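Chemist: Fold the following and give me the result.
(chains A and B)
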Amino acid sequence: MTTLLITAAALLLLLIGTPVFVVICGLALYLFYASGIDLSAVIIEIHRLATTPILVAIPLFTFAGYLLSESGAPRRLIRLADALLGWLPGGLSVIALGTCAIFTALTGATGLTIIALGGILLPAMNRGKYPESFSLGLLTTSGTLGLLFPPSLPLIVYAIVAKVGIGQLFVAGLLPGALLVVLLSAYSIFIAARSRVPRKTFRTGELVAAGRECIWELPLPLVVLGGIYTGYFAVSEAAAITAMYVLVVEVLILRDIRWGALPELIKQSMMLVGGVLIILGAAMGLTNYLIDAEIPMQMLDFFQAHIESRLVFLVVLNLFLLAVGCTMGIFSALVVVVPLIAPIAQAYAIDPIHLGIIFLTNLEIGASLPPLGINLFIAGLRFERPVLKLYAACLPFVGLLLAALGLITYWPWLSLALVR
Amino acid sequence: MRFWERMDETIGRLEKALMVLFLGLMIVAAFAQIALRNFVGVGLPWSESLVRYLVLWVGFIGASLAAREGRHITIEVIKLRPSAGGRRYLAAVSELCAVGVCTVMTWAAVKFVRDDAQIDNRTFLDWPTWVLETIIPAAFAIMSLRFLLRAIRALRRDAARREPAPPL
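Modeler: Next up, the predicted model:
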């Protein structure tokens, strides 16, 4: 009874905007206290997490991502993509999709992508005579597309929470991520052709000039992906190399970022890291309690008594995760829900790597899903448009993403083909 | 109140400086380790532990600064208009809960560090681990103070202005 009351109070606190880590820590403290466990056990869990070897990848990749997004790299990348694809019908919208995906993969913060890139891309798309509702929907939803691509922060967090190989998960996300990008690109080209968006002519000179400008940033994907996929570097090593490389290129060589601007940038990026790590640590304590209390086992019994087929389980899982992604946000959902669901999914013979991709795709769509998806509100603030207008603008995109989600969920090959 | 506000600000500046130092050290140490192993063929056995403790410090300082700037991850579903009077009280309730939880966490963390000091664990370069763990109680204590200041500010009308930073 008390536990029920406490849980209800915790939910209420979450709804009025109490930091997620406070609520999770509070729950963990209460549950440990109620079962007579020393409270310092909560700290032991946080400390154990913080000294996990892979964790260093989180601050390093996030810092590199923030550096890149503050530098001239987004502008240069857009110029290059424009020179390369601008002649296509809908070229600019495809560019917007791709750049947003890359930046979310690097920074791990979908809201940041909308704020940083939306400001450049929305005016550009308006000038390019794209229908505004289309542009708004595109920029709101494509912020999350990068989550399936390495080295995105949510992929790393999933791997830590679910205890699966980060390298494998990085590879697994490639095809499903590409599917989402291709699908939305096709739709964008279709819309652009239908609304007769003017096309640009292809100029080789511009392509060469734009390519030369990007010469320092272009090897980056090779460092991040090549090193990991060939097994030459561990993920944490790739993170260290990326951070060092980006720092040298943007600060010393290109001088896009002044030395004096670095402390503030470090502070901004590490506040995100600290916020994620403390939730992660707190959730580890809570999870250990829940596993000791055999909560996942009880949930499993319940599921197996009511759901026989794997297919039905997956449908229920999808609906549940969409709701969670829409209300809780990606990081809180990952740390709280993954430990509960993973053992159940295993009983239904779902591959843990595939499960990770299902999780992230759901949460990524949930973040743009009306009525509560966080991206809708961030885009509303950034673009100064009423949220209702964004609901309507996002619907076609969300619909397409949901179709892709079906494919990703019920066709495990897509996630597992490259892993094996 | 003025005194505590100034204290908060001073701690914030110190934290920022430490964070720059530690992140820089983290990048250099992690990178040097790879470079040395691949080109010279020798590893630095202690640098791996050093990097892990730097992550602990950077993470906790980041969390503590996030409490100062209202940047912790939240799920805000009940969206009241900023002008709505009730909002201040809801904010105060949630900040005060945060004060409570962080205070208990501080106490638990102090106990954790004390226990570790008794065992006298050692890590890289023979540093006692408990010294490196002091950031945990320190960060929770500072967060308690900051959430308290935020609660007071929320209740006072003068500082009812909202943070400009949107949730990321």
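Chemist: hey, let's count contacts and neighbours off CA atoms from now on
Modeler: Will do.
Chemist: Next up, the contacts around residue A:363.
Modeler: For residue A:363, the contacting residues are A:321, A:322, A:324, A:325, A:326, A:329, A:330, A:333, by C-alpha atoms under 8 Å, 6 or more residues apart in numbering or on different chains.
Chemist: Now that we're looking at the third one, what pLDDT does it have?
Modeler: Spelled out, it's residue A:324. We have a pLDDT of 85 for residue A:324.
Chemist: ok, for it, nearest residue in space, not its chain neighbours?
Modeler: Excluding the flanking residues, the one nearest residue A:324 by C-alpha to C-alpha, 6 or more residues apart in numbering or on different chains is residue A:333, at 6.4 Å.
Chemist: Check which helix or strand the one you found maps to.
Modeler: Per DSSP states H and E, residue A:333 falls inside helix A:330-347.
Chemist: coming back round to it: looking at neighbours, which among the contacts of residue A:363 is most surrounded?
Modeler: If you count neighbours using other C-alpha atoms under 10 Å in any protein chain shown, the busiest of the contacts of residue A:363 is residue A:325, which has 29 neighbours.
Chemist: wait, isn't that one in contact with residue A:333?
Modeler: Yes. Counting by C-alpha atoms under 8 Å, residue A:333 is a contact partner of residue A:325 at 6.5 Å.
Chemist: ok, residue B:17 to residue B:24 distance?
Modeler: 11 Å (C-alpha to C-alpha, to the nearest Å).
Chemist: in which helix or strand would I find residue 43?
Modeler: I went with chain A, as the question did not name one. Assigned by DSSP H and E, residue A:43 falls in helix A:40-50.
Chemist: related to what we said a few turns ago, dump the C-alpha coordinates for the helix holding residue A:333 into PDB.
Modeler: This file holds the C-alpha atoms of helix A:330-347, laid out as PDB (Å, rounded to 0.1, in the frame of the first residue of the first chain):
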ATOM      1  CA  ILE A 330      14.500   8.900 -24.500                       C
ATOM      2  CA  PHE A 331      17.100   8.700 -21.700                       C
ATOM      3  CA  SER A 332      14.700   8.200 -18.900                       C
ATOM      4  CA  ALA A 333      12.800   5.600 -20.800                       C
ATOM      5  CA  LEU A 334      16.000   3.700 -21.700                       C
ATOM      6  CA  VAL A 335      17.300   3.400 -18.200                       C
ATOM      7  CA  VAL A 336      14.000   2.600 -16.500                       C
ATOM      8  CA  VAL A 337      12.300   0.400 -19.100                       C
ATOM      9  CA  VAL A 338      15.100  -1.600 -20.700                       C
ATOM     10  CA  PRO A 339      16.000  -3.600 -17.600                       C
ATOM     11  CA  LEU A 340      12.400  -4.600 -17.100                       C
ATOM     12  CA  ILE A 341      11.600  -5.500 -20.700                       C
ATOM     13  CA  ALA A 342      14.900  -7.200 -21.700                       C
ATOM     14  CA  PRO A 343      14.400 -10.400 -19.800                       C
ATOM     15  CA  ILE A 344      10.800 -10.700 -21.000                       C
ATOM     16  CA  ALA A 345      11.800 -10.100 -24.600                       C
ATOM     17  CA  GLN A 346      14.400 -12.800 -24.200                       C
ATOM     18  CA  ALA A 347      11.700 -15.300 -23.100                       C
END
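Chemist: next helix or strand past that helix?
Modeler: Next element after helix A:330-347 (DSSP H and E): helix A:352-366.
Chemist: Nearest the middle, which residue of the chain would you pick?
Modeler: You didn't say which chain, so I picked chain A. residue A:147 (3.2 Å; C-alpha atoms, centre = their mean).
Chemist: not quite, I wanted chain B
Modeler: Centroid check for chain B by C-alpha atoms, centre = their mean gives residue B:64 as the closest residue, at 2.7 Å.
Chemist: which residues sit in contact with that residue?
Modeler: Contacts of residue B:64 by C-alpha under 8 Å, 6+ apart are A:274, B:139, B:140, B:142, B:143.
Chemist: min pLDDT across those, which one?
Modeler: residue A:274 (90).
Chemist: ok, now which ones touch residue A:414?
Modeler: A:172, A:175, A:176, A:408.
Chemist: Nearest to residue B:31 among these?
Modeler: Checking those against residue B:31 by C-alpha to C-alpha gives residue A:172 as the nearest, at 27.0 Å.
Chemist: Tell me the pLDDT of the closest one.
Modeler: At residue A:172, pLDDT is 92.
Chemist: still on that earlier bit, what's the model's confidence in the helix holding residue A:333, averaged?
Modeler: Rounded mean pLDDT across helix A:330-347 is 86.
Chemist: Show me what it is packed against.
Modeler: When contacts are defined as 3 or more C-alpha pairs under 8 Å, 6 or more residues apart in numbering or on different chains; DSSP states H and E, helix A:330-347 packs onto helix A:153-162, helix A:262-292, helix A:295-306, helix A:352-366.
Chemist: Just say which of those helices is most tucked in.
Modeler: helix A:352-366 (a mean of 25; mean count of other C-alpha atoms under 10 Å in any protein chain shown).
Chemist: what separates that one from the chain centre, distance-wise?
Modeler: Mean-position distance between helix A:352-366 and its chain equals 10 Å (C-alpha atoms, centre = their mean, to the nearest Å).
Chemist: pLDDT on it, on average?
Modeler: The model assigns helix A:352-366 a mean pLDDT of 93.
Chemist: what helix or strand does residue A:202 sit in?
Modeler: Under the criterion of DSSP H and E, residue A:202 resides outside all helices and strands.
Chemist: What does it show for phi and psi?
Modeler: phi -80, psi 130 (degrees, to the nearest 10).
Chemist: Residue A:309 now?
Modeler: Torsion angles, degrees, to the nearest 10, at residue A:309: phi -90, psi 150.
Chemist: For it, which residues are in contact?
Modeler: By C-alpha under 8 Å, 6+ apart, residue A:309 has no neighbours at all.
Chemist: Recalculate using a threshold of 10 Å.
Modeler: The contact partners of residue A:309, by C-alpha atoms under 10 Å, 6 or more residues apart in numbering or on different chains, come to residue A:348.
Chemist: Tell me how far it lies from chain B.
Modeler: Distance, residue A:309 to chain B, using C-alpha to the nearest C-alpha, to the nearest Å: 33 Å.
Chemist: The residue of the stretch 301-420 of chain A found nearest chain B: neighbour count?
Modeler: The stretch 301-420 of chain A approaches chain B most closely through residue A:328 (5.8 Å), counting by C-alpha to the nearest C-alpha. By the criterion of other C-alpha under 10 Å, residue A:328 has 28 neighbours.
Chemist: Tally up the residues packed near the nearest residue to it once chain neighbours are set aside, please.
Modeler: Leaving out its chain neighbours, the residue that sits closest to residue A:328 by C-alpha to C-alpha, 6+ apart is residue B:75, at 5.8 Å. Look at residue B:75: counted by other C-alpha under 10 Å, it has 21 neighbours.
Chemist: same deal with residue A:165?
Modeler: 14.
Chemist: Touching, it and residue A:353? I think so.
Modeler: Yes. The pair residue A:165 / residue A:353 is scored as a contact, 8.4 Å apart, by C-alpha atoms under 10 Å.
Chemist: picking that back up, off-centre distance for the helix or strand where the residue nearest to the centre of chain B lies?
Modeler: According to DSSP H and E, residue B:64 maps onto helix B:45-68. Chain-centre distance of helix B:45-68: 9 Å, with C-alpha atoms, centre = their mean.
Chemist: Can I get stretch A:193-202 in CSV, CA atoms only?
Modeler: Taking Å, rounded to 0.1, in the frame of the first residue of the first chain, the C-alpha atoms of stretch A:193-202 are listed here in CSV:
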residue,chain,number,x,y,z
ALA,A,193,8.1,17.4,-57.2
ARG,A,194,4.4,17.7,-56.6
SER,A,195,4.7,21.3,-55.3
ARG,A,196,7.0,22.2,-58.1
VAL,A,197,9.9,23.4,-56.0
PRO,A,198,12.4,25.1,-58.3
ARG,A,199,15.5,23.1,-59.0
LYS,A,200,19.1,24.2,-59.1
THR,A,201,21.7,23.4,-61.7
PHE,A,202,24.6,21.3,-60.9
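Chemist: For chain A, which helix or strand comes out least confident on mean pLDDT?
Modeler: helix A:227-229 (a mean of 70; mean pLDDT, DSSP states H and E).
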